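K.L.:
any chance you could fold what I've pasted below:
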Amino acid sequence: MESPDTNASSPDFSELPDVTWVRIFRFLPLRDRAKVARTCRLLNEVFNHPSLWYSQKLSFMGEMHNFSRKKQNVFCTPFYVELTKRFGKYFQDLTIKIDGHFRSIPTDLQEILEQVANRCRLETLTIEAGTITSAFHERYGFPPNYSAVKALSRFVQKAFRMKHLHIRSWPMYNKMDTEDCNIFKVLALNEKLRETLETLTIFWLEEQDWSERKPILFSGSPTDIIQVLDSFKYLTTIGLRTPMITNELLQMLASKERSKLQLLKIVVHYLDPERQPLFAVPSIQPSTWQSLIKRNPDFRVECTIFLNTPNLELSNMLTPEVPLSVLSYMKYSKIDPLTLTKLYTQYKDTLTKFHSYCDSYNIDNDLLVMAQQCTNLTEIIYHGELRSGTVVAIATSRGNALKRFDVKEDKIKVPTAYDDVDEDDVLARGPDGQLVLVGLMKFHAPEDQRQEVLQTMASEVSNTLGTSWKPLK
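P.N.:
Below you'll find the model as predicted:
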């Protein structure tokens, strides 16, 4: 079309090369991408480009519970089923996620999944097969259909060049402890994976995820885990929960017959060992950690604490020899101030990230000292209570070396006129001369005063970090 003001023509976007359109499509959500593809033949051809289907996530809706004898099929929209049928052969990075309880998969979808498993050349696979199985669900609930589990396990059975495998959850029922349904046995039987697999995480948790308190993590004994992992000599990254970890396992991973282990990701899943001996934190000998470091000086450990775990129990595993690089407290855990002291005394040279998503109070000084002493710290996420002055002090101590700094706005305490009042005093006179409850007023500043303090804090932190910053809502 001719421009009304000039003789110049508007650009003809149809003349853009395919590589440009493919790049544009990558920024679009899948449904928007499909809508754009309907506009013309050219964009429809771009929609079918194999590189756009390299990474794909298949989401299914399961059941609310598994106590009904009638098994309901997982639900997936026809739109995603058709796309999987058409483009499944191009999948290389695939995530399969089932929300709720995994009971059954409709026959036609099973056939499509099996076709995809047989045809695609997966490099990365993530499977979250419903709610993780607990002893309660096994005792009172009903397991999925064998054919449904086989449809998912076939992705692992048929893999021949997979490098990264993440099993977020899997139906671990004694009734399904077979070579084609038990994920550990399926892994052990695929000899091709032994030559290609570099990353393996089993029942790993991310940030604020929730899990069953008493999950079934494996069948048999921890010795079986050693036998499975021993088959995969080229693993460089491993993620496990503490009930799976033993001193013998780590000694095996330090063997010279294996590739050098680069990263060990540990979820500390602790329960009272007097009632649940399986969930005690394992005792790891300092010499075992030293063997792993000697094998690879760059070896690092990432630790995520799922539930409240006493510092004494953590000390069984987190000895001074551990090259701890990341420590995360999940939502239902609890920070022990002694652990923070341990961080800046034992791991000040290795710690790079500290994440805390749990409620915590009165640890401002410990958190600040940790930020000052841990010279390689680049990330701090803290969702507990924190004074506004501490937020600024932490940012100042790290400067632009701090690449991520998250605190919750509603957890920030601002100074009040009652902060210096003796803690033994119950009542004090306010600015208007009226008696007020000191303990209550210490936690409530006028809203206009609070917003002013928060704005000043955000400005100071932004200047220190060298980028725009504000607390999370």
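
K.L.:
quick one, phi psi at the residue nearest to the spatial centre of the chain?
P.N.:
When C-alpha atoms, centre = their mean is applied to the chain, the residue found nearest the centroid is Glu206 (1.9 Å). Per-residue torsions, Glu206: phi -110, psi 130 (degrees, to the nearest 10).

K.L.:
now it: how far from Leu465?
P.N.:
Note on Glu206: its distance to Leu465, by C-beta to C-beta, to the nearest Å, is 25 Å. Heads up, the C-betas are built off the backbone N, CA and C, glycines and all.

K.L.:
just checking, Leu152 touches Ile96?
P.N.:
Yes: applying C-beta atoms under 8 Å, one finds Leu152 in contact with Ile96, separated by 6.6 Å.

K.L.:
for the protein, name the helix or strand with the lowest mean pLDDT.
P.N.:
helix 438-441 (a mean of 57; mean pLDDT, DSSP states H and E).

K.L.:
what's downstream of that one, the next helix or strand?
P.N.:
helix 447-465 (DSSP states H and E).

K.L.:
other residues contacting that following helix?
P.N.:
388, 391-392, 395-396, 399-400, 402, 405, 409, 412, 414-415, 445, 468-471 (C-beta atoms under 8 Å, 6 or more residues apart in numbering).

K.L.:
how many neighbours does Ile167 have?
P.N.:
20 (other C-beta atoms under 10 Å).

K.L.:
that one pairs with what?
P.N.:
Ile127, Ile202 (DSSP bridges).

K.L.:
ok, back up a step: from Gly239, how far off is the residue nearest to the centre of the chain?
P.N.:
Look at Glu206 and Gly239: by C-beta to C-beta, they are 10 Å apart.

K.L.:
again, but for Leu200
P.N.:
In terms of C-beta to C-beta, Leu200 sits 7 Å off from Gly239.

K.L.:
shared neighbours, these two?
P.N.:
Between them, Leu200 and Gly239 share these contacting residues under C-beta under 8 Å, 6+ apart: His166.

K.L.:
quick one: which of Leu152 and Ile96 has more around it?
P.N.:
Each of Leu152 and Ile96 has its neighbours counted (other C-beta under 10 Å); Leu152 has more, 24 against 20.

K.L.:
who's in contact with the more buried one?
P.N.:
Taking C-beta under 8 Å, 6+ apart as the test, what Leu152 contacts is 96, 113, 127, 129.

K.L.:
now, among those residues, which is nearest to Leu368?
P.N.:
Closest to Leu368 out of the contacts of Leu152 is Ile127 (41.5 Å), distances taken as C-beta to C-beta.

K.L.:
shouldn't the closest one be in contact with Phe102?
P.N.:
No: Ile127 is beyond contact range of Phe102, at 10.3 Å (criterion: C-beta under 8 Å).

K.L.:
neighbour count winner among those two?
P.N.:
Higher neighbour count among Ile127 and Phe102: Phe102, with 26 against 20, using other C-beta under 10 Å.

K.L.:
touching, that one and Ile132? I think so.
P.N.:
No: if you go by C-beta under 8 Å, Phe102 and Ile132 don't touch, sitting 10.2 Å apart.

K.L.:
in the stretch 151-300 of the chain, where is pLDDT below threshold?
P.N.:
208 (pLDDT under 70).

K.L.:
out of the contacts of Leu152, which are inside strands?
P.N.:
96, 127, 129 (DSSP state E).

K.L.:
looking at the residues you listed, which is nearest Leu189?
P.N.:
Out of these, the member with the shortest distance to Leu189 (by C-beta to C-beta) is Ile127, at 16.8 Å.

K.L.:
which residues does that closest one contact?
P.N.:
Applying C-beta under 8 Å, 6+ apart, we find Ile127 in contact with 95-96, 152, 155, 166-170.

K.L.:
and these as JSON lines, adding distance to Tyr270?
P.N.:
Shown next, in JSON lines, are these (distance: C-beta to C-beta, whole Å):
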{"residue": "Thr95", "distance to Tyr270": "29"}
{"residue": "Ile96", "distance to Tyr270": "29"}
{"residue": "Leu152", "distance to Tyr270": "30"}
{"residue": "Phe155", "distance to Tyr270": "32"}
{"residue": "His166", "distance to Tyr270": "23"}
{"residue": "Ile167", "distance to Tyr270": "21"}
{"residue": "Arg168", "distance to Tyr270": "20"}
{"residue": "Ser169", "distance to Tyr270": "19"}
{"residue": "Trp170", "distance to Tyr270": "22"}
